[in-house]
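Q: Got a sequence here, can you model it:
(2 chains)
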Amino acid sequence: MKIKNLFKRWRIILFLVVLLLSLAAINPQLSVDGVAIRSVEKDSIAYNASIISTAQDAAPTDQELILEIDNKEIKNLEDYVNVINSIKIDDVVRIKTNKADYTFLKTQEDLGLTVKEPATSNLRKGLELVGGTRVLLKPVEKITDNERNDIISVMENRLNVYGLSDIKIKGADDLTGNKFILVEIAGATKEEVESLVAGQGKFEARIKDEIVFIGGEKDITFVCRNDGTCSGVRNCGNVENGYNCVFEFEIALSPKAAAKHAEVTRNLDIIDLYLSETLDLYLDNELVDSLQISSGLKGQEVNRILISGPGVGTTQEEAIQNALKQMNKLQTVLITGSLPTKLEIVKIDSISPVLGKAFVKNAFSTALLVILSVGLVIFIRYRKLKITIPMMITVLSEIIIILGFAALFKQSLDLAAIAGIIAAVGTGVDDQIVIVDEILSKPIGDEEEWKKRIKKAFFIIIAAYATTVAAMMPLFKAGAGLLTGFAIVTIVGVSIGVLITRPAFAVIIKTLLE
Amino acid sequence: MQTEKLEKFYNKNYKKLLVIPFIILALSLLVLFYNYKSTGFFIDRDVSLQGGITANINTNQNIDIDELKSFLENKFPKSDIVIRKISEFTTGKAPGIIIEASNIKDSDIRPALSDKLNIELTEKNYSIEEISSGLGESFFKDFIIAILFAFLFMAIVVFIAFRTLIPSLAIILSPIFDLTITLAIISLLDFKLSTAGLAAFLLIIGYSIDTDILLTTRVLKRREESLFNRMFSSMKTGLTMTATTIVSVGVGFIATNSSVLKQIFAIILIALLIDIMSTYFVNMALLKIYVKRKYNEN
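A: Residues are numbered from 1 along each chain as shown, chains lettered A, B, ... in the order given. Reported below is the predicted structural model:
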């Protein structure tokens, strides 16, 4: 058979089509200018200027890129930080992206906009490779799947309100029937995640032991955020060993909660200007603040209340920052309500972006070295470039197709997935050796003989394939699904090999050796 | 000829060769049993399987690892502490250290480290994995179950593929040798098993029997050649397969900077070396005995 005829064989055509589709799915780009929008905090300046967060399931290269701010070109993160920090309060900000133009007034320091380096392909890097925090949570009590879904939706809401949007939350089980919740947030610190997802966020406002209202939309219809007229850090002062600041923000109560307030305060005494009891704010059963109730509110249906709380620090700046953090957390909890059950953090991983970058760089050089050394062994054994080169091409195509699959099905690549790719490629090479040796074992007589040999080679390949898949199956569930990526990539990798690349390789090698 | 000499030697000695792996298996079981008796576990587990922290500090500062270790050991006497330098294969630079400590919380060790090293540890230069001891235990149990299931599934596939009892059993025997002996070797090398390491064991179950399937197929299904030729040709193919994999995981082991991948590669490497013995000393000899009895071949 001539080389030209190769391209008429359906196995080869299938192989080439899949390879091209994979490249299209990965959509690699050499360089991308600008910075990508990571998230936009709800009700922030950026949000009100109708800039939107990138959708979670959108292809990474389908990103909104900030190209210019105030007519200054933004090429990278450094440019962005420089330009954005040079804008003064009450100045007009003009942001030009690849999708739209936005113009708005910078009314306060925080625009509520976070950015990241643009994606250069559709491959989703796992947490270990980009940096971020992963938390595995276990409910303290036994819960049903439905309850777990409720927890997940409150959490998603909470993290969105807080302004973290690059998040993944999902349920995970293990083989012994434990239920977990896995939260992954790129670009967030451990402390932020810890306080937001693990705290039940049970907010109660009590007078004596009577609950007046709780967090969540049933009792609280409005929470003032990102608006200086009704929320902010007000009083800072020197205290022992540092500074103390007070944050305040206004909330609106539902008619039912307001009626409750009237009922509870009706029988209280008036001492000077205030009532005899305070309104105590509890978060997860810890007292946040006690508010004095002015005497005029006795027995009244109050529908707007000023919530306050402290923030301390060794410097005034730190105290302000802590007060802001506390305020944001409390606001988030008041909006989203509490989780149905307490959660325990059983595992928390926080990977710095620096380490992530080092992993990516190293993974590439490791893969390259591994492929080269395999090529060398093959060449030493067969001493023919005619065999070595097609094998290496097959190996590379297998990697590309696995990556294409990962890009298409939004499977993120973490270290375990990289190990899976190496494992799949390893068996791939093994199978090609089986094919080559089967063909080389005796001079090929006729087409019948060739078919018989290939059939025999493929019996070995399929049996070996089936055992690998069988052995990987339990990993889908074991260990709370933390190694699912490894199992999926390995199984997909060997499947692609058996179904697509190795049949094509068999045709190519036969043509070349004839 | 070389091959003829080998054939003579093999035909004379294959039963003796069969004894060696069984002795090693028995010794391995002894090692594992000894571990179990003295520590309560047949293998030392790292923090990912018993609870604790793994901290990764990126710094150019030159850190005296031994001094840091004794400082931490004094401060946290209940904790088992391991400290390593990270080395970059391509540049040879050491951009930081990894600290593994059991039975400890990040909130306890971070301030201590920050004070001692005089570095402010932020999310930029500090990576942390923290795992509760309860979860570590349950992961370990979970993976043991996973390995048993993987083994069972694999055995079913082998029986379906070959549909003969003795050759199938001979194939299934191979991963038992590989797993047990590898486990014993890594415990002798003072390895601490991690979750990634357990995943590697699952992979071995799939990996190790490739060569056994090849051998059995050639021996049972290609009966037009002499028995030894069939065995010898499949050994040539099988050893090439194993060699490429050993070289690739060996290079991977040296080149990677991730301790997760390092352990996976190391375990596969050791298991594949053992697999050469279990495939060509155990499985091949058993097959030869089977074929001799059944088909009267020599």
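Q: CA only for contacts and neighbour counts going forward, please
A: Fine.
Q: where does chain A dip in pLDDT?
A: Low-confidence segments of chain A (pLDDT under 70): A:1-4, A:56, A:163-165, A:187, A:443-445.
Q: domain parsing for it?
A: A:3-28+A:353-513, A:35-116, A:132-200+A:344-351, A:219-319 (automatic domain parsing).
Q: Contact partners for the residue nearest to the spatial centre of chain A?
A: With distances taken as C-alpha atoms, centre = their mean, A:I167 lies nearest the centre of chain A, 3.7 Å away. By C-alpha atoms under 8 Å, 6 or more residues apart in numbering or on different chains, the contact set of A:I167 is A:Q56, A:L159, A:V183, A:E184, A:I185, A:A186.
Q: Got the phi and psi for it?
A: Torsion angles at A:I167 (phi, psi; degrees, to the nearest 10) stand at phi -120, psi 150.
Q: Now do the helices in the stretch 1-150 of chain A.
A: Taking DSSP state H, counting those that start in this stretch as the criterion, the stretch 1-150 of chain A carries its helices at A:3-6, A:10-26, A:45-48, A:77-86, A:127-130, A:145-162.
Q: Off-centre distance for the fifth one?
A: Yep, that's helix A:127-130 we're talking about. 10 Å (C-alpha atoms, centre = their mean, to the nearest Å).
Q: in what helix or strand does whatever residue of the stretch 51-200 of chain A ends up closest to chain B lie?
A: Here the stretch 51-200 of chain A gets closest to chain B at one residue, A:L175, 5.8 Å apart by C-alpha to the nearest C-alpha. Counting by DSSP states H and E, no helix or strand carries A:L175.
Q: That one touches B:F140, doesn't it?
A: No: between A:L175 and B:F140 no contact is recorded; they are 11.1 Å apart, counting by C-alpha atoms under 8 Å.
Q: What residues of the host helix or strand of B:S208 count as buried?
A: Using DSSP H and E, the element containing B:S208 is helix B:195-221. Residues of helix B:195-221 classed as buried by neighbour count (16 or more other C-alpha atoms under 10 Å in any protein chain shown): B:195-219.
Q: Distance-wise, check the residue nearest to the centre of chain A relative to A:D57.
A: Distance, A:I167 to A:D57, by C-alpha to C-alpha, to the nearest Å: 11 Å.
Q: can you check B:A161 too?
A: 41 Å.
Q: cool, and B:I246?
A: In this view, B:I246 and A:D57 are 39 Å apart by C-alpha to C-alpha.
Q: And the next helix or strand past the longest helix seen in chain B?
A: Longest helix of chain B, by residue count under DSSP state H: helix B:2-39. Per DSSP H and E, the first helix or strand lying C-terminal to helix B:2-39 is helix B:47-50.
Q: any residues touching that following helix, and which ones?
A: Under the contact criterion C-alpha under 8 Å, 6+ apart, helix B:47-50 has outside partners B:53-54, B:100-102, B:131-137, B:139-140, B:193-195.
Q: okay, now A:V81: neighbour count?
A: Using other C-alpha atoms under 10 Å in any protein chain shown, A:V81 has 12 neighbouring residues.
Q: same deal with A:E240?
A: Around A:E240 there are 7 residues (other C-alpha under 10 Å).
Q: So is stretch A:362-382 next to chain B?
A: Yes: interface with chain B: stretch A:362-382 contributes A:362-363, A:365-367, A:369-371, A:373-374, A:377-378, A:381 (C-alpha under 8 Å from any C-alpha of the partner chain).
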